[in-house]
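Asker: pasting the sequence and the predicted coordinates here, then a few questions.
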Amino acid sequence: MIGTLIAIGIVLFAGAASYHYEKERIKQITKETLLFRIDSFEQYLHLMSASNIAMRNAMRSHYQLARQGDLTNHILDSLAFFEQYQVYSLPEVYNPADPNYLNGTLTIAGEVDINSPNLRHELTAAISLNEQLAVYVGEAKLALWTYYISKQKFVYILPKLPLNQYQFSESLYLKPFWQQLEPQSNPEGRQMITDLYEDSAGQGLMVTIASPVYYRGDFLGVICVDVGIDYLQSVLRIGEAVGESVLIDENGLLVATAGEPSEGKKSNIVYLPTAQQWLELDSSWVYAEEIKPGELYFVHSLAKTELMLAAIRKSLTVWLLLLLGCVLSYLAYSQYCASVKHRQLMLIDPLTKLYNRRGLEILVTPIYAHLARTQQYAAILLIDIDKFKQVNDTYGHGIGDEVLKSTAKILNRTNRKSAICARWGGEEFMVFLQAATPNGAMLVAERIRQQVENNTLSAQNLNITISVGIAVTQGEMTFEMLVEQADSALYQAKQNGRNQSVLFTQHI
Ligand SMILES: Nc1nc2c(ncn2[C@@H]2O[C@H](COP(=O)(O)OP(=O)(O)OP(=O)(O)O)[C@@H](O)[C@H]2O)c(=O)[nH]1
């Protein structure tokens with residue numbers, strides 16, 4: 001019972017320890033993943049922001065060169081008006097080997113003065129960005145779109161789009177990349193990352209990294225790089241992390257989630273500057289970091305129940321192994337107990353519960369060998385119930401058994417601490433005494449004999465007696481020889497009239 005309780009205790013303790021270990025480990029692994037995700041975002045944003053700044057600077061210097069007459073592009077001579085769309089555009093050339101080939105599409109609002117030198121300079125500058133903008137939307141696929149939108153009502157966008165699918169429209173000026181960047185909203189002319197919005201060219205949700213282009217204090221337009229939600233989502237899903245990572249903006253709007261995105265959705269997760277280590281809230285753990293100060297934040301929320309379930313799942317193996325260990329130990333222990341019991345049964349007399357002859361021999365052999373080697377006294381008392389056959393014949397076998405049992409009890413009670421008692425066979429008993437002198441052995445024998453003589457089996461008012469043969473040695477004979485001597489002494493006791501103890505001497 002206590003063993004079972006201890007085993008249950010061990011399983012519970014080890015299981016709980018493993019559960020807590022797993023919980024901490026999950027948080028640790030998750031944090032490592034989050035740092036990797038954050039690092040990926042930062043590197044990507046850093047690259048795209050730097051590229052966008054480079055595009056803005058290139059636009060400005062190309063514009064200056066165009067104004068100075070140092071940059072021209074004769075492709076602009078082929079600008080044509082497309083009646084059905086009410087825009088100017090260039091002929092669509094899809095062969096990169098053609099000198100007129102551009103990776104993007106240029107469209108200009110139909111109502112502008114196409115011959116205005118100022119417009120011509122800006123158009124020249126914009127299309128001269130062709131190669132630079134193409135890098136991001138080409139093989140590298142770092143962005144969905146790159147484009148320049150001018151205040152003078154034109155757009156140059158990459159990659160190339162057929163004119164029937166996409167034309168300049170003033171609705172572009174209502175988009176976040178314009179609204180958030182034009183001088184009224186952005187007087188410092190900062191680069192910005194927009195909120196999440198739906199792409200007008202049908203590429204789904206995206207954010208735009210955009211910079212305003214100024215020339216000598218005049219706002220010309222914005223140069224933009226569009227990042228698709230797919231890319232952001234793929235970063236939010238990198239590695240193994242329990243819980244959910246999201247990107248939110250400074251107003252708490254969701255920029256990207258690992259799950260289904262939705263435009264303008266307010267996040268129930270807020271950015272907490274203190275959560276740059278795991279921060280414990282009521283029902284969750286939160287980890288957060290600023291990706292772009294004042295604009296973009298990474299927040300990971302790990303629900304406590306989710307962490308608990310994950311830790312249970314991970315520690316389940318340990319629980320099962322412990323349980324298995326306990327069951328196996330229990331089975332092994334039961335088996336051991338059963339074998340001990342079986343062994344005992346083989347060595348113990350079932351009627352009197354004393355050792356049987358085999359049991360006594362197994363126990364006595366090493367003790368006897370030691371006493372013989374060290375020449376110490378060893379004695380045996382061979383005890384036989386007198387006229388036991390008569391008892392059986394008169395009172396029956398059952399009463400005979402009771403006599404055997406009560407004699408065994410007396411033996412157990414009266415013998416010395418180091419004595420070993422056994423039922424030697426039938427109605428014969430043996431007591432082995434260590435370090436007993438002939439006198440000492442005689443005293444023990446007599447004490448037993450008197451006890452038996454004075455004992456009355458109450459129901460039958462039956463008194464029985466015993467005869468005892470005593471043999472003592474100091475290491476000069478084998479155990480078998482000693483038994484033979486005790487047997488001779490017992491025979492003598494019977495011959496002398498029974499109910500007495502006789503010590504073996506050479507005269508017998
Ligand atoms: N009830 C009972 N009797 C047993 C058992 N084992 C042996 N006996 C009986 O013990 C008796 C032994 O009798 P004997 O050896 O003739 O000797 P005795 O009658 O004791 O006479 P003495 O030894 O000469 O005094 C036999 O009748 C056996 O059947 C037992 O386990 N139970």
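Answerer: Looks like it came in fine.
Asker: how close does Tyr19 get to the ligand?
Answerer: The gap separating Tyr19 from the ligand is 61 Å, by Cβ to the nearest ligand atom, to the nearest Å. To be clear about C-beta, it is placed using only N, CA and C from the backbone, and glycine gets the same treatment.
Asker: show me the contacts for that residue.
Answerer: Tyr19 is in contact with Ala311, Ile312, Ser315, counting by Cβ atoms under 8 Å, 6 or more residues apart in numbering.
Asker: now Asp384
Answerer: Here Asp384 is in contact with Glu427, Glu428, Phe429, Ile466, Ser467, Val468, Gly469, Leu490, Lys494 (criterion: Cβ under 8 Å, 6+ apart).
Asker: now the third one: closest residue in space, sequence neighbours ignored.
Answerer: Going back to what we said before, that points to Phe429. With Cβ to Cβ, 6 or more residues apart in numbering as the criterion, Phe429 has its nearest non-adjacent residue at 4.2 Å, and that residue is Ile383.
Asker: surely Gln64 is in contact with Tyr214?
Answerer: No. Here Gln64 does not reach Tyr214: they are 11.7 Å apart, not a contact under Cβ atoms under 8 Å.
Asker: next, the contact list for whatever residue of the stretch 301-450 of the chain ends up closest to the ligand, please.
Answerer: Of all residues in the stretch 301-450 of the chain, Gly400 sits closest to the ligand, at 2.5 Å by Cβ to the nearest ligand atom. Going by Cβ under 8 Å, 6+ apart, Gly400 touches Phe388, Val391, Asn392, Glu427.
Asker: so which strand or helix has the third one?
Answerer: So that's Asn392. Taking DSSP states H and E as the criterion, Asn392 maps to helix 388-395.
Asker: contacts for that helix?
Answerer: By Cβ under 8 Å, 6+ apart, the residues outside helix 388-395 that reach it are Ile385, Ile399, Gly400, Val403, Glu427, Gln460, Leu462, Ile464.
Asker: try stretch 409-417
Answerer: The contact list for stretch 409-417, computed with Cβ under 8 Å, 6+ apart, reads 354, 383, 421, 429, 431, 433, 436, 444, 447-448, 451-452, 455.
Asker: equivalent analysis for stretch 84-103, please.
Answerer: Against stretch 84-103 from outside (Cβ under 8 Å, 6+ apart): 75-76, 78-82, 105-110, 112, 114, 127, 130-131, 133-134, 137-138, 154, 158-160, 162-164, 167-168.
Asker: let's see 6 Å
Answerer: Residues outside stretch 84-103 that contact it (Cβ atoms under 6 Å, 6 or more residues apart in numbering): 75, 78-79, 81-82, 106-108, 110, 114, 130, 134, 158, 160, 163, 167-168.
Asker: and that stretch, end to end?
Answerer: Its start and end residues considered, stretch 84-103 measures 23 Å (Cα to Cα, to the nearest Å).
Asker: and that stretch, what's buried?
Answerer: Tyr85, Val87, Tyr88, Ser89, Leu90, Leu102, Asn103 (16 or more other Cβ atoms under 10 Å).
Asker: for the record, mean pLDDT for it?
Answerer: Averaged across stretch 84-103, the pLDDT comes to 89.
Asker: out of the helices and strands in the protein, which is least certain?
Answerer: strand 197-198 (a mean of 77; mean pLDDT, DSSP states H and E).
Asker: how about Tyr214, phi and psi?
Answerer: Taking degrees, to the nearest 10, you get phi -120, psi 140 for the backbone angles of Tyr214.
Asker: Pro350 now?
Answerer: When read as degrees, to the nearest 10, the backbone of Pro350 gives phi -70, psi -30.
Asker: send over stretch 108-122 as PDB, restricted to the C-alpha atoms.
Answerer: Taking C-alpha atoms only, stretch 108-122 is exported to PDB below (Å, rounded to 0.1, in the frame of the first residue of the first chain):
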ATOM      1  CA  ILE A 108      -0.800  59.700 -68.000                       C
ATOM      2  CA  ALA A 109      -4.200  61.400 -67.400                       C
ATOM      3  CA  GLY A 110      -5.700  62.400 -70.800                       C
ATOM      4  CA  GLU A 111      -6.300  66.100 -69.700                       C
ATOM      5  CA  VAL A 112      -2.700  67.100 -69.000                       C
ATOM      6  CA  ASP A 113      -0.600  69.100 -71.400                       C
ATOM      7  CA  ILE A 114       1.600  66.400 -72.700                       C
ATOM      8  CA  ASN A 115       4.100  68.900 -74.200                       C
ATOM      9  CA  SER A 116       4.700  70.700 -70.900                       C
ATOM     10  CA  PRO A 117       8.500  70.700 -70.400                       C
ATOM     11  CA  ASN A 118       8.100  70.200 -66.700                       C
ATOM     12  CA  LEU A 119       6.000  67.100 -67.300                       C
ATOM     13  CA  ARG A 120       8.400  65.800 -69.900                       C
ATOM     14  CA  HIS A 121      11.400  66.100 -67.500                       C
ATOM     15  CA  GLU A 122       9.500  64.200 -64.800                       C
END
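Asker: how far away is the residue of the stretch 51-200 of the chain found nearest the ligand from Val227?
Answerer: The stretch 51-200 of the chain approaches the ligand most closely through Leu196 (97.9 Å), counting by Cβ to the nearest ligand atom. From Leu196 across to Val227, the span is 10 Å (Cβ to Cβ, to the nearest Å).
Asker: next SSE after the host helix or strand of His300?
Answerer: Assessed by DSSP H and E, His300 sits inside strand 296-303. Using DSSP H and E, the helix or strand that directly follows strand 296-303 along the chain is helix 304-347.
Asker: on that earlier part again, I'd like to know how many residues surround the residue of the stretch 51-200 of the chain closest to the ligand.
Answerer: By the criterion of other Cβ atoms under 10 Å, Leu196 has 24 neighbours.
Asker: cool, and Lys160?
Answerer: Lys160 has 17 neighbours, counted by other Cβ under 10 Å.
Asker: ditto for Gln375
Answerer: For Gln375, the neighbour count with other Cβ under 10 Å is 10.
Asker: surely it forms part of a helix?
Answerer: No. With DSSP: H, G, I helix; E, B strand; the rest coil as the criterion, Gln375 is assigned coil and is not in a helix.
Asker: from the contacts of stretch 409-417, which would you call buried?
Answerer: Burial by neighbour count, 16+ other Cβ under 10 Å: within the contacts of stretch 409-417 this picks out Leu354, Ile383, Cys421, Phe429, Val431, Leu433, Ala436, Val444, Ile448, Gln451, Val452, Asn455.
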